[in-house]
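Asks: pasting a predicted model and its sequence here:
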Amino acid sequence: MPIVLGAVSPVAQAQEVVKIGLSSPLSGPQSAYGEDNRDGLLLAVRELNAQGVQVGGRKVVFEVQAEDDAADPRQGVAVAQKLADEKVKFVLGPYNSGVAIPAGRVYNEAGMVVLTVGSNPRITQLGYSRLFRIGGNDTQVGGAMALYAAKDLKLKNVAVVDDRTAYGQGLAAEFVAEAKRQGLNIVRQEFTTDKASDFTAILTTIRAAKPDAVFFGGYSAQGGVLLRQMASLGIQAKLLGGDGICDTELNRLSSGMADGKVFCLQARVILNSAETGRAFAAKYRAAYQRDPLTYAANFYDGAMLLADAMQKSGSTDPGKVAEAIAKGSYRGVVAEYSFTDKHDLKVSPMSVYGFKGGQPVALASF
């Protein structure tokens, strides 16, 4: 069943209602991310509705229709079709690249505006005119992590594991490409699945190669277990990764082993480094009594970007809104949302995190 939030009161029924669909994993191992995305979006919608947004002289009230894609490509396509059938014209998500790629076709055929954080480069190479990536791509994230590994951590030998998802494979491939350019030795390349929980066999092979670090292309649900099993096998290597492992969930699933061991990279500014970021984090904590995870601020920004484009175009027509997004620029919490002709961000800030006290701690931005 969908979650429909932000419904208008009877007094507001004469106003134009604009639905924003959400496609994210609200169940399963990645549900913490999906809930984080949803709550960032809801925070923005509450603020927009409190402001009384006007588009072309008409009052607009926003609703959120949140759908669970469970990080599953097939379910994500079904969600896309459901939103299309219900005439939802604007969508935030999908969160996962493996969902965004097949679902993107459905959204494109329905003429919907889609703002995704899916990072696989293929997403924007599909050429969908109303799809925009509001986070970094794997080329940026994987490459930046390789640079940090070589230049700052001064590693020499790295093993690589990916979870065979579009996200994990893409991230690992970009890490490997840049790592080789930086002179790092890739001593082993292995793969698992995003459902696996026993990594003993591949870790035993990796242990023999004696790496300084293991780069994992995947998410915390497996990354935390991987780290714990590395320790049980006596592998002292650091664990590197992208935004998928950059959260407290990884520390919990590793039984508290992340401190000093894990380095991860997120395609965003450090929230605490700017007043806008600190203000967003404070609002999020006040609303939900927890810290934002990886992409809450991007989903917040996504709703604000849509509203800004509607106001600039004077229309809620998805074609006109997409054109305004493509040609315009919007300064959000996370980034300056200005897009290339392929609808990637022109500039995507990067931040490296380590762990201290089980919490991700910002180390550097570039």
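Replies: Okay, I see it.

Asks: mind checking the end-to-end distance for stretch 227-243?
Replies: End-to-end distance for stretch 227-243, by Cα to Cα, to the nearest Å: 16 Å.

Asks: relative to the whole chain's centre, how far out is it?
Replies: 23 Å (Cα atoms, centre = their mean, to the nearest Å).

Asks: same thing with stretch 110-120?
Replies: 12 Å.

Asks: for stretch 67-82, same thing?
Replies: That offset, for stretch 67-82, works out to 16 Å (Cα atoms, centre = their mean).

Asks: tell me the mean pLDDT over it?
Replies: Averaging pLDDT along stretch 67-82 gives 98.

Asks: residues contacting the closest residue to Asp198 other than its chain neighbours?
Replies: Leaving aside its chain neighbours, Asp198 sits nearest to Gln229 (7.7 Å; criterion: Cβ to Cβ, 6 or more residues apart in numbering). The way it works is simple: take the backbone N, C-alpha and C, and place the C-beta from them, glycine included. Gln229 makes contacts with Asp198, Phe199, Thr200, Leu203, as judged by Cβ atoms under 8 Å, 6 or more residues apart in numbering.

Asks: just the buried ones from those residues, in PyMOL syntax?
Replies: A single PyMOL command selects the buried members of those (16 or more other Cβ atoms under 10 Å):
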select buried, resi 199+203
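
Asks: what's in contact with stretch 191-201?
Replies: Outside stretch 191-201, the residues touching it (Cβ under 8 Å, 6+ apart) are 29, 71, 161-165, 168-169, 202, 218-219, 221-222, 225-226, 229, 233.

Asks: and the helices in the stretch 151-300 of the chain?
Replies: 166-181, 200-209, 220-232, 248-253, 275-288, 296-313 (DSSP state H, counting those that start in this stretch).

Asks: need those in TSV with mean pLDDT and distance to Ile134, can you?
Replies: TSV is the format used below for the helices of the stretch 151-300 of the chain (pLDDT from 0 to 100; distance: least, Cβ to Cβ, whole Å):
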stretch	mean pLDDT	distance to Ile134
helix 166-181	95	15
helix 200-209	97	34
helix 220-232	96	21
helix 248-253	92	22
helix 275-288	93	15
helix 296-313	97	5
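
Asks: adding distance to Tyr353, write those helices out as JSON lines.
Replies: Formatted as JSON lines, the helices of the stretch 151-300 of the chain follow (distance: least, Cβ to Cβ, whole Å):
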{"stretch": "helix 166-181", "distance to Tyr353": "15"}
{"stretch": "helix 200-209", "distance to Tyr353": "23"}
{"stretch": "helix 220-232", "distance to Tyr353": "13"}
{"stretch": "helix 248-253", "distance to Tyr353": "11"}
{"stretch": "helix 275-288", "distance to Tyr353": "14"}
{"stretch": "helix 296-313", "distance to Tyr353": "15"}
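
Asks: return the most buried member of these.
Replies: helix 296-313 (a mean of 25; mean count of other Cβ atoms under 10 Å).

Asks: can you list the domain ranges for this protein.
Replies: 3-135+274-337, 139-266 (automatic domain parsing).

Asks: pull the distance from the longest one to the chain's centre.
Replies: This points to domain 3-135+274-337. The answer for domain 3-135+274-337 is 12 Å, by Cα atoms, centre = their mean.

Asks: now do the contacts for the nearest residue to Gly223 once chain neighbours are set aside.
Replies: Take Gly223 and drop its neighbours on the chain: the residue closest to it by Cβ to Cβ, 6+ apart is Ile245, 4.0 Å away. Ile245 makes contact with Phe216, Gly218, Tyr219, Ser220, Gly223, Gly224, Leu239, Val262, Cys264, according to Cβ under 8 Å, 6+ apart.

Asks: swap in 7 Å and give it another go.
Replies: Listed by Cβ atoms under 7 Å, 6 or more residues apart in numbering, the contact partners of Ile245 are Phe216, Tyr219, Ser220, Gly223, Val262, Cys264.

Asks: swap in Lys261?
Replies: By Cβ under 7 Å, 6+ apart, the contact list for Lys261 reads Leu227, Lys238, Leu239.

Asks: try Lys238
Replies: Asp212, Ala213, Lys261, Phe263.

Asks: most neighbours among these, which one is it?
Replies: Among these, Phe263 has the most neighbours (other Cβ atoms under 10 Å), with 25 neighbours.

Asks: tell me the pLDDT of that one.
Replies: At Phe263, pLDDT is 98.

Asks: how close does it get to Val158?
Replies: 12 Å (Cβ to Cβ, to the nearest Å).

Asks: and for those two, which residues touch both?
Replies: The contact lists of Phe263 and Val158 share no entry, where a contact means Cβ under 7 Å, 6+ apart.

Asks: show me what contacts the residue most central in space within the chain?
Replies: The C-alpha lying nearest the average C-alpha coordinate of the chain belongs to Val117 (Cα atoms, centre = their mean; 4.4 Å). Taking Cβ under 7 Å, 6+ apart as the criterion, Val117 is in contact with Tyr95, Ile134, Gly135, Tyr295, Asn298.

Asks: what about Gly104, which SS state?
Replies: helix (DSSP: H, G, I helix; E, B strand; the rest coil).

Asks: that older thread, any chance of the contacts of Gln229 in a markdown table with distance to Ser351 as columns?
Replies: Shown next, in a markdown table, are the contacts of Gln229 (distance: Cβ to Cβ, whole Å):
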| residue | distance to Ser351 |
| --- | --- |
| Asp198 | 32 |
| Phe199 | 27 |
| Thr200 | 33 |
| Leu203 | 28 |
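
Asks: what about the closest residue to Tyr128 other than its chain neighbours, how many residues close to it?
Replies: Sequence neighbours aside, Asn108 is the residue nearest to Tyr128 in space, at 4.2 Å (criterion: Cβ to Cβ, 6+ apart). By other Cβ under 10 Å, the residues close to Asn108 number 17.
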